[in-house]
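*Asks:* Just to be clear, the model below is a prediction. Sequence and coordinates:
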Amino acid sequence: MRDDQPPGSDITPESLYLRRREFLKNAGLFLGTAAGVAGGLLLLSGRRPGSITSAVPDAGAVAQPVVKAAGEFDTLEPRTLYEDITTYNNFYELGLDKADPARLAHLLKPRPWTVTLDGEVHEPRTVDIDQLLSWFPPEERVYRMRCVEGWSMVIPWLGFPLSALLAKVKPTSHARYVSFTTLMDPEQLPGQQRAVLDWPYTEGLRLDEALHPLTFMAMGLYGRQLPAQNGAPLRLVVPWKYGFKGGKSIVRISLTRTQPFTTWNMAAPEEYGFYANVNPAVPHPRWSQATERRIGDLGRRPTLPFNGYAEQVAHLYAGMDLRKNY
């Protein structure tokens, strides 16, 4: 077990790195590059985002009025720059390097788009994304985001609580978990042409985790429509868990009786648990999780249990061994 810190730049899990090299050697796949550019969007947060824009075609300001969150869950830490949030991403469906998602974002078309809500629910349905978004007044939530690789951000998301969406379909008494499935389309997501993960990307939560008021469905950030590289048109945000729990470009949400399979847990169960709660006392097999590098800052800072949300969520895991159930 290594206890030294990961490098301050990217960290790609070793198993993926080796498979990536093998794939490039054998297949020689070349992914072209292009800038994802769309019309300028109005910032509802009052902060200029810089030159990076959403890859949503004909994008505009969010149509609904933004309702600022009451602030009970917001962090007061400085927000990460929009440019950093939208150009430093893990989204392997759009490439393995941090810069790939922004360069290839134009390939992902978030309209037309539907989301299927099914499984252990009384009212299953498949709904157009714009109809779905019209159901909820958008809220801004300023959350810390901690990546399992040892870096972090503070992101002002725009969206709505997942609990509000689940209430629409009325879970049955048998529902215990929520499974999230993301888009499978190698033309829009050329990274899926590489067998680095078992596509499509899937994630899951216990039902009580999904219903917690912190658990959020994001459809924007910094008061703008969600850029493709950040998971447009709809992504999951669970701020007390490592970032890989936040599935991007979601097309299906299913309630299940049993614990769903999740992509990273299937790929490397000794490294990535189902729960993936931020725990500085449990190191990754190849690096410590005790500290993190906040993007835009120099140096490192201590990582907080549950990413600083212990007061709100620790009770969900009362009696559990958080080293075993990592």
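*Replies:* Yes, it's here.

*Asks:* And the closest residue to W113 other than its chain neighbours, how close does it get to R79?
*Replies:* Nearest residue to W113 in three dimensions, chain neighbours excluded: I129, at 4.1 Å (Cβ to Cβ, 6 or more residues apart in numbering). (C-beta placed from N, C-alpha, C; glycine too.) Taking Cβ to Cβ, to the nearest Å as the measure, I129 falls 26 Å from R79.

*Asks:* So which residues of the stretch 1-150 of the chain form helices?
*Replies:* Applying DSSP state H, counting those that start in this stretch to the stretch 1-150 of the chain gives helices spanning 14-27, 82-85, 100-104, 129-134.

*Asks:* Which elements pack onto the second one?
*Replies:* Packing partners of helix 82-85 (3 or more Cβ pairs under 8 Å, 6 or more residues apart in numbering; DSSP states H and E): strand 151-161.

*Asks:* need the next SSE after the strand it packs on, C-terminal direction.
*Replies:* Next along the chain after strand 151-161, taking DSSP states H and E as the criterion, comes helix 162-169.

*Asks:* For that following helix, C-alpha coordinates in CSV please.
*Replies:* Taking C-alpha atoms only, helix 162-169 is exported to CSV below (Å, rounded to 0.1, in the frame of the first residue of the first chain):
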residue,chain,number,x,y,z
LEU,A,162,-33.8,13.7,-7.1
SER,A,163,-36.4,13.0,-4.5
ALA,A,164,-38.8,15.3,-6.4
LEU,A,165,-38.4,13.3,-9.6
LEU,A,166,-38.8,9.9,-7.8
ALA,A,167,-42.0,11.2,-6.2
LYS,A,168,-43.4,11.7,-9.7
VAL,A,169,-43.3,7.9,-10.4
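
*Asks:* tell me the contacts of V282?
*Replies:* 289, 322-323, 326 (Cβ atoms under 8 Å, 6 or more residues apart in numbering).

*Asks:* change it to 7 Å
*Replies:* Neighbour list for V282: 289, 323, 326 [criterion: Cβ atoms under 7 Å, 6 or more residues apart in numbering].

*Asks:* And these, which of them are buried?
*Replies:* Using 16 or more other Cβ atoms under 10 Å as the burial test, the contacts of V282 include 289, 326 as buried.

*Asks:* wait, isn't L108 in contact with L226?
*Replies:* No: using Cβ atoms under 7 Å, L108 is not in contact with L226, being 10.9 Å away.

*Asks:* got any residues that touch both of these two?
*Replies:* Both L108 and L226 are in contact with A232, where contact means Cβ under 7 Å, 6+ apart.

*Asks:* about what we covered before: in a markdown table: the contacts of V282, plus distance to W240 and secondary structure.
*Replies:* Output for these, formatted as a markdown table (distance: Cβ to Cβ, whole Å; DSSP: H, G, I helix; E, B strand; the rest coil):
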| residue | distance to W240 | secondary structure |
| --- | --- | --- |
| Q289 | 14 | coil |
| R323 | 17 | coil |
| Y326 | 13 | coil |
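
*Asks:* give the contact list for the residue nearest the centre of the chain.
*Replies:* Residue closest to the average C-alpha location in the chain (Cα atoms, centre = their mean): G246, at 2.8 Å. Residues near G246 by Cβ under 7 Å, 6+ apart: 235-238.

*Asks:* And for V148?
*Replies:* V148 neighbours (Cβ under 7 Å, 6+ apart): 242-244, 284.

*Asks:* try 8 Å
*Replies:* V148 neighbours (Cβ under 8 Å, 6+ apart): 242-244, 272, 276, 284, 289.

*Asks:* quick one on the thing from earlier: check the gap between the residue nearest to the centre of the chain and D321 for me.
*Replies:* Taking Cβ to Cβ, one finds G246 at 25 Å from D321.

*Asks:* pLDDT score assigned to the residue nearest to the centre of the chain?
*Replies:* Note on G246: pLDDT of 98.

*Asks:* ok, now F73?
*Replies:* 85.

*Asks:* show me what contacts it?
*Replies:* 141, 143, 213-214, 309, 312.

*Asks:* Also I250?
*Replies:* Contacts of I250 by Cβ under 8 Å, 6+ apart are 115, 180-183, 231, 234-236.

*Asks:* Buried subset of the residues you listed as a ChimeraX selection?
*Replies:* Applying 16+ other Cβ under 10 Å to those leaves a buried subset, and the ChimeraX line that selects it is:
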select :115,180,181,182,183,231,234,235,236
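
*Asks:* quick check, nearest of the contacts of I250 to G204?
*Replies:* Set against G204, the nearest of these by Cβ to Cβ is F180 (6.7 Å).

*Asks:* does the closest one sit in a helix or strand, and which one?
*Replies:* Going by DSSP H and E, F180 is in strand 177-182.

*Asks:* by how many degrees do that strand and helix 162-169 diverge?
*Replies:* Here the directions of strand 177-182 and helix 162-169 differ by 100 degrees (axes from the mean of the first three to the mean of the last three Cα atoms, to 10 degrees).

*Asks:* partner strands of strand 177-182, parallel or antiparallel?
*Replies:* strand 202-206 (antiparallel), strand 250-256 (antiparallel) (DSSP bridges).

*Asks:* In a strand, D321, correct?
*Replies:* No: checked against DSSP: H, G, I helix; E, B strand; the rest coil, D321 lies outside a strand; its state is coil.
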